[in-house]
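Enquirer: below is the sequence, then the predicted model.
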Amino acid sequence: MDHHVYVYTTPNGVPQESKLATYMNRQSTSTPVATTNLTQSFSKISIGSPVTSKKVTPQSPEFVPSTRIVGSSTSASPNFFNSFPGLAGTTPGPGYTRGVVDSPHSGTVSPHLTPQPSPPPHAINNCSPIPHVALEKPIGTVAVAAYQENVGGTTYFYPTSADNSITTNDTSVPGNSSITSGYQVYPGTPSHVTALKSRGGNSSFFISEDTRMDILSRNALTLIQPDPEQFPDLPQEVDNYHELCPLEPIPTNPLQKAHLGYQASMYKATHVKTGTRHCLRRIHGFRLQNTKCMTYVDMWKKLIHSNIVQLKEVFTTKTFGDNSMVFVYDYHPGSETLLTKHFSSDQLNGYVDPFATDPSAPRPYSHHKNNILRHQQSNKLPESLIWNYIIQLTSALRIIHAAGLACRSLDPTKIILTVGNRLRLSCLGVMDVIMNDTSTATNPLALVQHYQQEDLTALGKLVLALACKSTMAVQRENISTALEVVNRIYTTDLRNLIMYLLSQQQRRSVTDLMPMIGARFYTQLDNVQSRTDVLENEVSKEMENGRLFRLLVKLGTINERPEFNMDGTWSETGDRYMLKLFRDYVFHQVTEDGRPWIDMAHVVQCLNKLDTGVPEKVCLMSRDEQSILVVSYMELKHCLEQSFDEVLNASVATDNVT
Ligand SMILES: Nc1ncnc2c1ncn2[C@@H]1O[C@H](COP(=O)(O)OP(=O)(O)OP(=O)(O)O)[C@@H](O)[C@H]1O
């Protein structure tokens, strides 16, 4: 059967029952919408294939009768674009403004198009001008009244409106004649980030595998719930928090004291109102005698810094079956303490604390010392890492001391580490409440200053312990050996810093440490900024992906919708029919021998053009390959927005009823 005879038998060239007819009806009845913004913004920049507004006449050289186009597409190997070089690619040539009638047949097979190669990167970036309009708003320019003309028995459809006159886009700075990128698209890894590739950069269009895995595991930890059989005694709700999940085995042995004689346990919990996760540090069996210490709690709550775990609130509760004091902090999933990271004995690697061997054993002292030295030389932490920690710790101490507070818990078990060696002080404010001595002291200021000096001594011990990879190294009897180890295997700067911190003769200050750190600050700053560059690039990729996701949600909401407002053909007619063909064009093309043709660049480019609504035209083929619609992305975008709004409005109306 000759499809074309059937197609063109009706008076206006379109069978009234056809999908195209319903589409054309929409065109003729649609109210032209405001054209100012976009046309103005398009007015200055020319694109590669300007679409002129001249009326097409039968004599026009580019006026190719639709029968030829359709006929070419019916062959086993239609090679549509190749047959008409002027139509190759997604952009029809100049003046190609007609629409070709649709067949009423709705085939189920994908149209056989000769897939075009992936758009080159420069094409992705610069193909079409980008109208700087809010992408979430319906496009405001497409006034698409249909014009039809019968020439020699063939009916041609083409828009008669502003659509055709839109050729340019002024996105440039006044006086600047450069053409900006055609539409929103991820422009590829910036060269300065490519240079950082070895340090975590990534050239894919998706988030890097390392970052993805980090985020995935942190998300999983954030959402993890305890097995109720394993923790039958966990309360359902404690104050404003629920979904409690222990972060460590709950101590059962009363002799197992963690905080000045009090047992302590840690939980992840969810705030009932905000839904945010927090970390609860519970001090078991603690009765608050004096509320004066709450002044310190308020001071701690105000302290915000990238190297401290912020204290959110403190409350007492009997929900655990005792008098417990609970300190609520930010939750940092996947943290591990400095102790577990660097000081735990690692049986697999054969790590044993060299200082732990009994110095009183019947061996010469020098033999023991040589053992330690040999051991440290092969196991030492990189000095750059130790300075990295020093910078972060002093950075935290600086603002703590400046706020008139003291850390009082500078201990490897109270410092947590997360990805990228980020370090945070995790137990702030607890000592001020438990000891409660700052509130009863006659001279609280002097007491705080005393504790600040203790912080600096604790910092010296911590650095020494890190340098020796041993918590035993800071014991009185080991200190001289430990310092000798530092002297032998690290720089004098590190030894001097430790000596300064451990010396009790002078009044020390955290600001005195800054010149000792010296130019290492610059190294740290460089590392942090480089990491920011890499992460910013990851964000920019995901920003584009998120935008495309929203677009796909809209398309998915419309395409193949079984019925809408009791209309079973809604998604197959009118604007939606174009969107269906567009979906086929983007996702369902097949090669000449029928294999699916999958090209991400094609998908991304098409979606980006749709999102922006560029004036560029696209040829959409019906599934039976009998007809072709030539529409602009601008028109497609208009259809998408209008159809989605229809569904959205209906959903709101339904919500109101129910
Ligand atoms: N703010 C936090 N967010 C997430 N996890 C944390 C947070 N603070 C601590 N943790 C984790 O909770 C666990 C217990 O922390 P805690 O401070 O009690 O250390 P600890 O080594 O058990 O010390 P202690 O022996 O004094 O109880 C550790 O694995 C730590 O990484």
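Expert: Alright, I've got the coordinates. Residues are numbered from 1 along each chain as shown.
Enquirer: and V185, what pLDDT?
Expert: Turning to V185, the model gives it a pLDDT of 72.
Enquirer: tell me which element the nearest residue in space to it that is not next to it in sequence is part of?
Expert: The spatially closest residue to V185, leaving aside those adjacent along the chain, is N608, at 4.9 Å (CB to CB, 6 or more residues apart in numbering). For the C-beta atoms, the positions are set from N, CA and C on the backbone; glycine is no exception. Following DSSP states H and E, one finds N608 within helix 600-612.
Enquirer: tell me what the helix or strand following that helix is packed against?
Expert: If you walk from helix 600-612 toward the C-terminus, the next helix or strand you reach (DSSP H and E) is strand 617-621. Based on contacts counted as 3 or more CB pairs under 8 Å, 6 or more residues apart in numbering; DSSP states H and E, the elements that strand 617-621 packs against are helix 574-587, strand 628-632, helix 633-657.
Enquirer: mind redoing it with 10 Å?
Expert: Judged by 3 or more CB pairs under 10 Å, 6 or more residues apart in numbering; DSSP states H and E, the packing partners of strand 617-621 are helix 66-73, helix 80-83, strand 99-100, helix 574-587, helix 600-612, strand 628-632, helix 633-657.
Enquirer: quick one, which of the ones you listed is nearest to G460?
Expert: Distances from G460 to each of those were compared using CB to CB; the shortest belongs to helix 600-612, at 55.4 Å.
Enquirer: would you mark the buried spots in that closest one?
Expert: Residues of helix 600-612 classed as buried: A601, H602, V604, Q605, C606, L607, N608, K609, L610, D611, T612 (neighbour count, 16 or more other CB atoms under 10 Å).
Enquirer: quick one, the lengthiest helix in the chain and helix 600-612 angle?
Expert: Residue-count comparison of every helix in the chain, with assignments taken from DSSP state H, identifies helix 520-558 as the longest. Orientation of helix 520-558 against helix 600-612 (axes from the mean of the first three to the mean of the last three CA atoms, to 10 degrees) gives an angle of 80 degrees.
Enquirer: that older thread, any chance of the buried residues of helix 600-612 in a markdown table, with distance to the ligand and pLDDT too?
Expert: Listed next are those as a markdown table, based on distance: CB to the nearest ligand atom, whole Å; pLDDT from 0 to 100:
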| residue | distance to the ligand | pLDDT |
| --- | --- | --- |
| A601 | 42 | 90 |
| H602 | 45 | 94 |
| V604 | 38 | 92 |
| Q605 | 43 | 92 |
| C606 | 44 | 95 |
| L607 | 39 | 95 |
| N608 | 40 | 93 |
| K609 | 45 | 94 |
| L610 | 43 | 95 |
| D611 | 39 | 94 |
| T612 | 43 | 92 |
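Enquirer: out of those residues, who's nearest L247?
Expert: Compare each of the buried residues of helix 600-612 with L247 using CB to CB and the shortest gap goes to V604, at 41.9 Å.
Enquirer: I figured the closest one hits E544, correct?
Expert: Yes. With contacts defined as CB atoms under 10 Å, V604 counts as touching E544 at a distance of 8.3 Å.
Enquirer: the residue in the stretch 451-600 of the chain that the ligand sits nearest to: neighbour count?
Expert: Closest residue of the stretch 451-600 of the chain to the ligand, CB to the nearest ligand atom: T471 (12.0 Å). Residues near T471, counting by other CB atoms under 10 Å, number 21.
Enquirer: now do M566
Expert: 6.
Enquirer: need the per-residue pLDDT for Q376.
Expert: According to the per-residue confidence, Q376 scores 68 in pLDDT.
Enquirer: wait, I meant V238
Expert: As summarised for this prediction, V238 has a pLDDT of 97.
Enquirer: repeat for the one 3 residues further on
Expert: At Y241, the pLDDT value in this model is 97.
Enquirer: need phi/psi at it.
Expert: Per-residue torsions, Y241: phi -120, psi 140 (degrees, to the nearest 10).
Enquirer: for it, which non-adjacent residue is closest in space?
Expert: Distances taken as CB to CB, 6+ apart put A269 closest to Y241, at 3.8 Å, once the chain neighbours are dropped.
Enquirer: wait, isn't the one you found in contact with Q236?
Expert: No. Between A269 and Q236 no contact is recorded; they are 11.0 Å apart, counting by CB under 10 Å.
Enquirer: the residue nearest to Y241: how many residues sit nearby?
Expert: Number of residues near A269 (other CB under 10 Å) recorded here: 22.
Enquirer: so for A269 and Q236, which residues contact both of them?
Expert: Taking CB atoms under 10 Å, 6 or more residues apart in numbering as the contact criterion, the common neighbours of A269 and Q236 are H242, E243, L244.
Enquirer: tell me where the model's unsure across the chain.
Expert: Filtered on pLDDT under 70, the chain yields the residue ranges 1-177, 179-183, 197-203, 254-260, 345-354, 356-378, 438-440, 653-658.
Enquirer: quick one on the thing from earlier: tell me what the longest helix of the chain is packed against?
Expert: In terms of contacts (3+ CB pairs under 10 Å, 6+ apart), helix 520-558 is packed against helix 191-194, helix 209-223, helix 383-402, helix 513-517, helix 574-587, helix 600-612, helix 633-657.
Enquirer: what about the spatially closest residue to P235 that is not a sequence neighbour, which helix or strand?
Expert: The shortest distance from P235 to any residue other than its chain neighbours is 4.6 Å, reached at T319 (CB to CB, 6+ apart). Assignment of secondary structure by DSSP H and E places T319 within no helix or strand.
Enquirer: contacting residues around T319?
Expert: By CB under 10 Å, 6+ apart, the residues touching T319 are P235, Q236, E237, V238, D239, Y241, L244, R282, V326.
Enquirer: which of these come close to the ligand?
Expert: Among the contacts of T319, none lies close to the ligand by the criterion of CB under 6 Å from any ligand atom.
Enquirer: just to check, D567 is in contact with T573?
Expert: Yes. Here D567 lies in contact with T573, judged by CB under 10 Å, at a distance of 8.2 Å.
Enquirer: those two: which is more packed in?
Expert: Neighbours around D567 and T573, counted as other CB under 10 Å, are more numerous at T573. The numbers are 18 against 12.
Enquirer: quick one, phi/psi of that one?
Expert: The phi and psi torsions at T573 (degrees, to the nearest 10) take the values phi -130, psi 170.
Enquirer: wait, doesn't it sit right on I558?
Expert: No. Between T573 and I558 there is no contact, the gap being 11.7 Å when judged by CB under 10 Å.
Enquirer: what do these two both touch?
Expert: K580.
Enquirer: restricted to strands, list the contacts of T319.
Expert: In strands, defined here by DSSP state E, the members of those are E237, V238, Y241, L244, R282, V326.
Enquirer: restricted to buried residues, select the residues you listed in ChimeraX.
Expert: Selection command for ChimeraX covering only the buried members of these, criterion 16+ other CB under 10 Å:
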select :238,241,244,282,326
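Enquirer: the ligand contacts on the stretch 201-350 of the chain?
Expert: Residues of the stretch 201-350 of the chain lying close to the ligand (CB under 6 Å from any ligand atom) are 247-248, 258, 264, 266, 279, 309, 329-332, 335-337, 339.
Enquirer: going through these, which ones are buried?
Expert: For those, a neighbour count by 16+ other CB under 10 Å gives the buried set as L247, A258, A264, M266, C279, V309, Y329, D330, Y331, H332, S335, T337.
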